[in-house]
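Asker: Model the structure of this input:
(chains A and B)
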Amino acid sequence: MSDAAGATEQTWEALLLAVAETGDRDAFSRLFVHFAPRVKSYLLRQGSSPSQAEDIAQETLALLWRKAGLFDPAKASASTWIFRIARNQMIDRIRRRQRPELDPNDPLLVPAAEPAPDHQASKQQDIAAVRSALAELPEKQREVIMLSFFEEDPHPAIAEKLQLPIGTVKSRIRLALARLDTLLDRNAHGES
Amino acid sequence: METHHHLPDDLLLAYAAGSLAEGWSLAVASHLTYCTSCRQRDAALEAIGTAALEGMPPEPMDAGAFEACMARAESAVAEQPLNVVAGSNTPAPLRRYLGCELDAVKWSPLGGGIRQYLIETGDETRARLLYIPPGEDVPQHTHQGLELTLVLAGSFADGDEEFHAGDIEVADETVDHTPVSGPNGPCICLAVTDAPLVFRRWLPRMIQRFAKI
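Answerer: Residues are numbered from 1 along each chain as shown, chains lettered A, B, ... in the order given. The predicted structure is shown next:
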């Protein structure tokens, strides 16, 4: 088992579908090798101990196996599906909080219109595109966005860490998100 | 049905990152049920979280971790979709807290025909359902913190703006308002605060003391 070099979002999706459809252990082991160490790293960054991070990372991947049948590639990418399971485990086990969630099968759910393939929304959910747009952000802007995903109470924590007033933190996050939208939009519409 | 009043990025980002407190999250998840544009924004923010996860420096797993994980995976049955309630008028995340449909809520009177139902959360946020008869003022109030109000049935107007089912109003301490319910049927909303409301008239203050608003 080695981490798949050159793996793309399509690779993860195909592997997760193989787990869902045939209980394919080899496909699952490739997902495990790539994602478990990253989930563990994410949990350590959220303040868990090494043994707890190991335990929750194993649990996250075990849940991925059990929930594989619910994965719908039309609704989310495979890696976002894994992010959600890891985040929800983090909230449940580390922060010991409830997270009310949307039910995708709720009859009350107002259905989304089908977006065109080149629509900005699909670009915004394309992980490779988001990663390269993040890499293009000025360091100070990327930093506040990343910290927003790692801190329990982000605004005060970032303010203290960067020695900035809370208002500056909030406006920097807003600017960073707007800049990210612009980059995704520009990258989606050429400048090839 | 299309919603016209949406959530700002800072709340959606906190929800996507997992740092939003329970009561706010209940209002956000319920609003997302109605609102395709906020759902799309939530997905875009989750994609940023996914990119952050993908970019983490890999932390080696313990020896035998895969076998241990496989054993856990196979020790429980695969998860099935949740049962759906056909014809429900209550967003699923809210129904899980109420344990029933909106029609079956056991209201407590607040005076003036206004009723409420308190929803237990595990943290500092305070969530409640409010039932306001048609054309009734919600007593004028300001907030010490944030207030999210999601319309579930009927409508209300606040100044020039109208809020219908699925719309969410975000108000903070700078807002001093007197929302009025619409003329067609009662307005039922989910209201979440993190600090007591500050009423401007003495009568609601009396009610407030008993009703734990």
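Asker: Mind listing what's buried along the longest helix anywhere in chain B?
Answerer: Longest helix of chain B, by residue count under DSSP state H: helix B:36-54. The neighbour-count check on helix B:36-54 (16 or more other Cβ atoms under 10 Å in any protein chain shown) flags B:36, B:38-54 as buried. Just so you know, the C-beta spots here come from the backbone N, C-alpha and C atoms, and that holds for glycine as well.
Asker: of these, list those near chain A.
Answerer: By Cβ under 8 Å from any Cβ of the partner chain, the members of the buried residues of helix B:36-54 lying near chain A are B:36, B:39-40, B:43-44, B:46-54.
Asker: can you list these in CSV and add distance to residue A:103 and pLDDT?
Answerer: As requested, those are arranged in CSV below (distance: Cβ to Cβ, whole Å; pLDDT from 0 to 100):
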residue, distance to residue A:103, pLDDT
B:36, 15, 94
B:39, 12, 95
B:40, 17, 93
B:43, 16, 95
B:44, 20, 95
B:46, 16, 97
B:47, 21, 96
B:48, 23, 97
B:49, 20, 97
B:50, 21, 97
B:51, 26, 96
B:52, 26, 96
B:53, 24, 97
B:54, 27, 95
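Asker: Tell me the one among these nearest to residue A:65.
Answerer: The nearest member of those to residue A:65, counting by Cβ to Cβ, is residue B:53 at 18.2 Å.
Asker: that older thread, dump the ones next to chain A among the buried residues of helix B:36-54 to CSV, plus distance to residue A:176.
Answerer: Listed next are those as CSV, based on distance: Cβ to Cβ, whole Å:
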residue, distance to residue A:176
B:36, 25
B:39, 22
B:40, 19
B:43, 18
B:44, 13
B:46, 16
B:47, 15
B:48, 10
B:49, 14
B:50, 17
B:51, 13
B:52, 13
B:53, 18
B:54, 18
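Asker: wait, which of those residues is closest to residue A:160?
Answerer: Taking Cβ to Cβ as the measure, residue A:160 lies nearest residue B:52 of these, at 20.3 Å.
Asker: Identify the spatial nearest neighbour of that closest one, chain neighbours not counted.
Answerer: Nearest residue to residue B:52 in three dimensions, chain neighbours excluded: residue A:149, at 4.7 Å (Cβ to Cβ, 6 or more residues apart in numbering or on different chains).
Asker: Residue B:66 too?
Answerer: Per Cβ to Cβ, 6+ apart, closest to residue B:66 is residue A:32, 5.4 Å.
Asker: Residue B:105 too?
Answerer: Closest residue in space to residue B:105, ignoring its immediate chain neighbours: residue B:117 at 5.0 Å, by Cβ to Cβ, 6+ apart.
Asker: Need the three-state assignment for the one you found.
Answerer: strand (DSSP: H, G, I helix; E, B strand; the rest coil).
Asker: And it, how far from chain A?
Answerer: Plainly put, residue B:117 is 16 Å away from chain A if you go by Cβ to the nearest Cβ, to the nearest Å.
Asker: now swap in residue B:16 and tell me
Answerer: Following Cβ to the nearest Cβ, the distance that separates residue B:16 from chain A is 8 Å.
Asker: what about that residue, neighbour count?
Answerer: Neighbour count of residue B:16, defined by other Cβ atoms under 10 Å in any protein chain shown: 26.
Asker: and the next element down the chain from the host helix or strand of it?
Answerer: Take DSSP states H and E as the rule and residue B:16 turns out to sit in helix B:9-17. Following helix B:9-17 in sequence order, the next helix or strand is helix B:22-34 (DSSP H and E).
Asker: Which per-residue confidence value corresponds to the residue nearest to residue A:138 when sequence neighbours are not counted?
Answerer: With sequence-adjacent residues excluded and distances taken as Cβ to Cβ, 6+ apart, residue A:138 is closest to residue A:179, at 7.8 Å. pLDDT for residue A:179: 97.
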